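J.: Structure of the sequence below:
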Amino acid sequence: MKVACVTDDGRTISQHFGRATQYAVLTVEDGKIVGRELRAKMGHQHFASQDHAAGQHSGTDAASHNKHVSMAEVIRDCEALLCRGMGYGAYASMQQLGIKLMVTDVADIEEAVQAYIEGRLQDHPEKLH
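T.: Numbers count the residues shown, from 1 in each chain. Here you go, the predicted structure:
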């Protein structure tokens, strides 16, 4: 199994999915982390800014969904994606792609993945925006 975490520094989980520049992808076998790699991630910096209507959740339109799909292309082999914050549109797009999402308050990548493996990682959907 592979678990992806959005990151900017390779050690901590980013607080915002769209702004993160990389994925840390950890390979898990028999309940243990056995491999780790960094993969480049497309993000807001790769797309022109879009304004969203007041009162509307960001990134929920079809064009944004296509951007989210592009962002997820390099983690199609992952079972789950861990982040510390994400827009509603990105969240819905990842779910449609079949990627299990966990919005966590744990910053350390290794600690969060280990908690995920053990079924102890708590999901915090209230961190969606």
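
J.: what bits of this structure have low per-residue confidence?
T.: 43-62, 64-65 (pLDDT under 70).

J.: where do the helices sit along it?
T.: Listed in chain order, the helices of the chain (DSSP state H) span 62-72, 88-96, 109-117.

J.: what packs against the second one?
T.: The helices and strands touching helix 88-96, judged by 3 or more Cβ pairs under 8 Å, 6 or more residues apart in numbering; DSSP states H and E, are helix 62-72, strand 100-103. C-beta: built from backbone N, CA, C; applies to glycine.

J.: Please name whichever of the helices of the chain is nearest to residue 127.
T.: Closest approach to residue 127 among the helices of the chain (Cβ to Cβ): helix 88-96, 10.0 Å.

J.: Only the buried residues of the closest one, if you could.
T.: 89-94 (16 or more other Cβ atoms under 10 Å).

J.: So which residues of this structure form strands?
T.: 2-7, 22-29, 32-40, 80-83, 100-103 (DSSP state E).

J.: hmm, who's touching the fourth one?
T.: Outside of strand 80-83, the residues within contact range by Cβ atoms under 8 Å, 6 or more residues apart in numbering are 3-6, 13-14, 16-17, 20, 72, 75, 94, 99-104, 109, 112-113, 116, 121.

J.: strands paired with that strand, and their directions?
T.: If you go by DSSP bridges, strand 80-83 pairs up with strand 2-7 (parallel), strand 100-103 (parallel).

J.: hang on, the earlier thing: next, format the strands of the chain as CSV and append distance to residue 129.
T.: Output for the strands of the chain, formatted as CSV (distance: least, Cβ to Cβ, whole Å):
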stretch, distance to residue 129
strand 2-7, 15
strand 22-29, 20
strand 32-40, 24
strand 80-83, 12
strand 100-103, 10
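
J.: circling back to that earlier point, same list (the helices and strands packed on helix 88-96) but as CSV, adding distance to residue 80.
T.: Listed next are the helices and strands packed on helix 88-96 as CSV, based on distance: least, Cβ to Cβ, whole Å:
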stretch, distance to residue 80
helix 62-72, 12
strand 100-103, 4
